[in-house]
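**Student:** No sequence on hand, only this structure:
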């Protein structure tokens with residue numbers, strides 16, 4: 001092999017190596033792309049404006065529900081909280097969130113009292129009806145207010161999607177956990193994903 005051909009071969013090998021390494025770095029992201037999510041602006045339970053982009057570089061573990069939910073939401077949030085406890089220090093890169101679909105009753109102050117029951121790092125989020133509708137559409141979350149005939153305007157329940165969503169450090173959808181999953185299984189899957197991302 002001539003010197004010219006040798007240099008050309010080595011150059012091609014270097015390019016291939018760079019492309020292969022880049023492919024390895026993107027492998028986890030490619031595996032989890034799902035078309036769920038989107039940009040959002042909400043208020044947290046301290047009354048501060050919060051954007052999805054504020055959490056770039058961290059994972060978001062998101063549950064949609066409402067504070068007056070009799071059993072489904074407390075169960076889902078307890079599962080999330082226990083999974084976070086199981087993750088321990090590894091969970092520092094994961095931000096647990098509770099996004100309310102009850103814009104009438106779930107004020108930031110009310111959310112602050114509610115999320116404190118579950119986990120010290122759980123962030124309660126709310127917003128206008130338009131904000132919530134845009135967000136739930138992006139996450140493919142279904143919810144519907146249910147009122148009994150003759151009930152007072154603020155006396156209602158809400159049927160809603162009860163899944164938990166894990167979003168990546170770039171804001172992309174990774175996985176949806178079904179309601180009823182064991183906290184140990186949720187934590188195990190999150191840990192696998194953290195390892196995939198080198199987090």
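**Tutor:** Received it, and whenever you're ready, just let me know what you need. Only a predicted model underlies this, so the values are computations on that prediction, with no experimental measurement involved.
**Student:** tell me the domain ranges of this structure?
**Tutor:** Structurally, the chain divides into domains by automatic domain parsing as follows: 1-32, 36-196.
**Student:** what's the first-to-last distance across stretch 113-132?
**Tutor:** Taking CA to CA, to the nearest Å, the first and last residues of stretch 113-132 lie 21 Å apart.
**Student:** typed the wrong thing, it's stretch 86-106
**Tutor:** 29 Å.
**Student:** Please identify the buried residues of that stretch?
**Tutor:** For stretch 86-106, the neighbour count (16 or more other CB atoms under 10 Å) marks 86-87, 91, 94-103, 106 as buried. Every C-beta, even on glycine, is put in place using the N, C-alpha and C of the backbone.
**Student:** what does stretch 122-140 give?
**Tutor:** Residues of stretch 122-140 classed as buried: 122-127, 131-132, 134-136, 138-139 (neighbour count, 16+ other CB under 10 Å).
**Student:** Can you list the low-confidence ranges for this protein?
**Tutor:** By pLDDT under 70, the low-scoring segments of the chain are 1-34.
**Student:** Strands along that one, start to end?
**Tutor:** Taking DSSP state E, the strands of the chain run over residues 41-44, 49-51, 59-65, 94-100, 123-126, 143-146, 157-160, 164-167, 173-177.
**Student:** List of residues touching the first one?
**Tutor:** Looking back up the chat, that one is strand 41-44. Strand 41-44 has contacts (CB atoms under 8 Å, 6 or more residues apart in numbering) with 49-52, 99, 108, 123-127, 131, 135.
**Student:** could you redo the last one with a cut-off of 6 Å?
**Tutor:** Strand 41-44 is contacted by residues 50-51, 108, 123, 125-127 when judged by CB atoms under 6 Å, 6 or more residues apart in numbering.
**Student:** now do the fifth one
**Tutor:** Outside strand 123-126, the residues that touch it by CB under 6 Å, 6+ apart are 42-45, 97-100, 106, 111, 115.
**Student:** can you rerun that using 10 Å?
**Tutor:** For strand 123-126, the surrounding residues in contact (CB atoms under 10 Å, 6 or more residues apart in numbering) are 40, 42-47, 50, 55, 60, 62, 64, 66-67, 95-103, 105-116, 118, 131-132, 135.
**Student:** and if you look at the last one?
**Tutor:** Here strand 173-177 makes contact (CB under 10 Å, 6+ apart) with 28-29, 31-38, 59-63, 76, 79-80, 83, 138-140, 161-168, 185-186, 189-190, 192-193, 196-197.
**Student:** Now do the same contact list for residue 58.
**Tutor:** Residues in contact with residue 58 (CB under 10 Å, 6+ apart) are 92-95, 167-169, 199.
**Student:** Adding distance to residue 72, write those residues out as CSV.
**Tutor:** CSV is the format used below for these (distance: CB to CB, whole Å):
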residue, distance to residue 72
92, 28
93, 27
94, 22
95, 22
167, 21
168, 26
169, 29
199, 30
